[in-house]
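Asks: Mind folding the following:
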Amino acid sequence: MDKNYDKDVTVLASPVAEGVRFDVGSAAACAVRNRRRDITVRVWQERRLVRSFADRIPLVRGVVRLFGAVAGFFSGLNESAELEPRDAVRGSAFTREFARLFRTSPQSVVAFFSALAIPVILAAMLLGLPRLVETGLLLIPGLPRLAVNAVCCLFRVLGVLLSVYMICRLRVFNRLCMYRGAASKVINAYEAYGAGLTHEEVVLSPRLTDRSDGVFLVVVTALSVVAFACVRTDGLALQLAYRIGAILAIAAVVNELILPLERANPNGVLATVRQPLMELQHLFTIEPHNQMIEVALCAFRAAYENDLSRED
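Replies: Numbers count the residues shown, from 1 in each chain. The predicted model follows:
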């Protein structure tokens, strides 16, 4: 497909509660499905001087991307909450009875139990799984400690990937991942067909994108977990300083390594190298419903039409 979009316009998207936030050039728009099942859209102008300046500085732009991705996600959730998104989770009969007993909503109950499940998943995958593998390997006579540590590091990376997958399949987070899929489809349709994209073109577009802050965060997290395991420090303050420094350094280096892959020609060699990174999006990007695509398309059009950075 020919890409006839405006390459000078930066397009970013992130899922929010029952909706999508799009940043197109100087404009940002948040669209959600509200309690009346209509689509509510809020548009505003946003200056991104720090990120625009940092994007020109190697290594620094990776650190800025790390903070920007995390801050943008939580900012989007806060903005969508102000638009009063609908409660899309009805829950089971038990959940509804439990909610009625405590005078709350089924969605709140599901969110509460999902929040309880997250630390359990993280503990099992990031601590329990590597420890179990290490215990089994130490029972093998003559196996070098270096080999044991290498295998345990691989299972720590596997634990990060499994954690992301399992958390994203929890009911509340599952819908966020579906809206992420809707946003990704809109971006791909825009890059293929331009700003005049239709709903049908979005539906037929793939949900994996060339550039994904989610993949960047997963890779940084996986490598950070390995770095934490490889270096031990004495004292809480020193350990905290090392871990913060390790995360920032890894983010800076990883961004420089994947930027050429994200910008690669679709038919080039680098695009083939990029494919495994794109496959990581299956962990947190789920095929959306048509109604979700409709919301994402509204957010994109609102941001695009209010972008002041484009030349008329």
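
Asks: which stretches of this structure have low pLDDT?
Replies: Along the chain, segments meeting pLDDT under 70 span 1-8, 310-312.

Asks: tell me the centre residue of it?
Replies: G214 (3.3 Å; C-alpha atoms, centre = their mean).

Asks: Now do the SS call for R33.
Replies: Three-state assignment for R33 (DSSP: H, G, I helix; E, B strand; the rest coil): strand.

Asks: With R175 as the reference, measure out to it.
Replies: Counting by C-beta to C-beta, to the nearest Å, the gap from R33 to R175 is 10 Å. For the C-beta atoms, the positions are set from N, CA and C on the backbone; glycine is no exception.

Asks: would you list every one of the helices in the protein?
Replies: Counting by DSSP state H, the chain has helices at residues 49-54, 60-82, 93-101, 106-122, 129-138, 145-168, 171-193, 199-204, 213-230, 236-262, 269-279, 290-305.

Asks: Minimum distance to A27: which of those has it?
Replies: A27 lies closest, by C-beta to C-beta, to one member of those: helix 290-305, at 4.6 Å.

Asks: So for the closest one, what gets flagged as buried?
Replies: By 16 or more other C-beta atoms under 10 Å, the buried positions in helix 290-305 come out as 292-304.

Asks: The residues you listed into a markdown table, with extra columns for distance to A28?
Replies: Shown next, in a markdown table, are the buried residues of helix 290-305 (distance: C-beta to C-beta, whole Å):
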| residue | distance to A28 |
| --- | --- |
| M292 | 19 |
| I293 | 20 |
| E294 | 19 |
| V295 | 15 |
| A296 | 14 |
| L297 | 16 |
| C298 | 14 |
| A299 | 9 |
| F300 | 11 |
| R301 | 13 |
| A302 | 9 |
| A303 | 6 |
| Y304 | 11 |
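
Asks: Looking at the residues you listed, which is nearest L12?
Replies: For the buried residues of helix 290-305, the nearest to L12 is A303 (9.6 Å; C-beta to C-beta).

Asks: For that closest one, give me its contacts.
Replies: When contacts are counted by C-beta atoms under 8 Å, 6 or more residues apart in numbering, A303 touches F22, D23, V24, G25, A27, A28, A29, V43.

Asks: if you set the cut-off to 6 Å instead, what comes out?
Replies: Neighbouring residues of A303 by C-beta atoms under 6 Å, 6 or more residues apart in numbering: F22, V24, A27, A29.

Asks: By neighbours, which of the residues you listed wins?
Replies: F22 (28 neighbours; other C-beta atoms under 10 Å).

Asks: that older thread, R33 and R175: which has the busier surroundings?
Replies: Neighbours per residue (other C-beta under 10 Å) separate R33 from R175, with R33 holding more: 23 against 19.

Asks: so that one touches V20, yeah?
Replies: No: assessed by C-beta atoms under 6 Å, R33 is found out of contact with V20, at 10.2 Å.

Asks: what sits in contact with each of those two?
Replies: Joint contacts of R33 and V20 (C-beta under 6 Å, 6+ apart) do not exist.

Asks: Around T10, count how many other residues there are.
Replies: Neighbours of T10 (other C-beta under 10 Å): 16.

Asks: Ok, R169 next?
Replies: R169: 13 surrounding residues under other C-beta under 10 Å.

Asks: The one 4 residues further on too?
Replies: Other residues lying near F173 total 20 when counted by other C-beta under 10 Å.

Asks: Contact partners for V220?
Replies: I250, A251, V254.

Asks: One more pass at 7 Å, please.
Replies: Listed by C-beta atoms under 7 Å, 6 or more residues apart in numbering, the contact partners of V220 are L66, I247, I250, A251, V254.

Asks: Same question for L248.
Replies: V63.

Asks: how near is the residue nearest to V50 when sequence neighbours are not counted to V215?
Replies: For V50, ignoring the flanking residues on the chain, the nearest one in space by C-beta to C-beta, 6 or more residues apart in numbering is V64 at 6.9 Å. According to C-beta to C-beta, V64 stands 17 Å off from V215.

Asks: quick one: which of these two has more around it?
Replies: Using other C-beta under 10 Å, the more surrounded residue of V64 and V215 is V215, with 25 against 20.

Asks: The more buried one is in contact with H282, isn't it?
Replies: No: counting by C-beta atoms under 7 Å, V215 stays clear of H282, with 10.5 Å between them.

Asks: Export the helices of the chain to JSON lines and append columns for distance to S14.
Replies: Conversion of the helices of the chain to JSON lines gives the following (distance: least, C-beta to C-beta, whole Å):
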{"stretch": "helix 49-54", "distance to S14": "14"}
{"stretch": "helix 60-82", "distance to S14": "5"}
{"stretch": "helix 93-101", "distance to S14": "28"}
{"stretch": "helix 106-122", "distance to S14": "19"}
{"stretch": "helix 129-138", "distance to S14": "29"}
{"stretch": "helix 145-168", "distance to S14": "14"}
{"stretch": "helix 171-193", "distance to S14": "7"}
{"stretch": "helix 199-204", "distance to S14": "17"}
{"stretch": "helix 213-230", "distance to S14": "8"}
{"stretch": "helix 236-262", "distance to S14": "17"}
{"stretch": "helix 269-279", "distance to S14": "18"}
{"stretch": "helix 290-305", "distance to S14": "10"}
